[in-house]
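In: Below are the sequence and a predicted model; questions follow.
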Amino acid sequence: MSNNSKRLDPNFVTGFAYGEGCFSISIAKRPGPNHVKVRMIISIKNLRANVIMLLLVQEVLGGTVRIERKAQYVSWIAISKNLIQSLIKLLEKYPLLTTRKQCQLKFAIKCIEHNTRSFVVENRDFMYDDQHNMLNYNDKNFVIPEGEENFIFHPLSHHLFS
């Protein structure tokens, strides 16, 4: 990440990545096995306030800001390996909330580690295989905060009832 004196709250970065971000894993068309690119992309509606916010993110973290898709969206894109590694460290310290996003992050990390076209092609359909185990772990280790015992979680409706 940039050595800029300005800072962004890491919880903001994680929340923003969770809400609007995705990891993009692409394979370059150039010949050779090791042309895997992992990027983090945040795309939001092209409004003046959003452009200003993403330009601040760019100033503090690095990356690139682009107006895209017929000027309907503004995107912040993290491309450099150093920035991606910094974001991964941040997201490991301040984890993404859902198992879906956690699985995407795990797959992005594995793609960086293996860095081969064959790994991406052979494993992309299995990105979410661990999600069921993660959900079971979360269910078994869920702790109801003290004083909130009168709330009941109904697993089929995903709502809290009191």
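Out: Great, that's in hand.
In: Now do the helices for the protein: every range, in order, please.
Out: 10-20, 48-61, 81-93, 99-114, 117-123, 131-140 (DSSP state H).
In: ok, I84 - how many residues close by?
Out: 20 (other CB atoms under 10 Å). C-betas here are computed from N, CA, C, even on glycine.
In: you'd agree it is up against V36?
Out: No - I84 is not in contact with V36 according to CB atoms under 8 Å; the separation is 11.6 Å.
In: joint contacts of those two?
Out: I112 (CB atoms under 8 Å, 6 or more residues apart in numbering).
In: Quick one, which of the helices of the chain gets closest to A28.
Out: Minimum separation from A28 across those (CB to CB) falls at helix 117-123, 8.4 Å.
In: Summarise which helices and strands the closest one is packed against.
Out: strand 21-27, strand 36-45, helix 99-114 (3 or more CB pairs under 8 Å, 6 or more residues apart in numbering; DSSP states H and E).
In: can you redo those as TSV with distance to Y137, mean pLDDT and mean neighbour count?
Out: Shown next, in TSV, are the helices and strands packed on helix 117-123 (distance: least, CB to CB, whole Å; pLDDT from 0 to 100; neighbours: other CB atoms under 10 Å):
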stretch	distance to Y137	mean pLDDT	mean neighbour count
strand 21-27	22	87	17
strand 36-45	25	92	18
helix 99-114	9	92	17
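In: Including distance to H132, could these go into TSV?
Out: Putting those into TSV (distance: least, CB to CB, whole Å) gives the following:
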stretch	distance to H132
strand 21-27	21
strand 36-45	25
helix 99-114	9
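In: Out of the ones you listed, flag the one nearest D125.
Out: Short answer: helix 99-114, nearest of those by CB to CB, at 10.6 Å.
In: on that earlier part again, select, out of the helices and strands packed on helix 117-123, the one closest to E59.
Out: Here strand 36-45 is closest among the helices and strands packed on helix 117-123 (CB to CB), at 14.7 Å.
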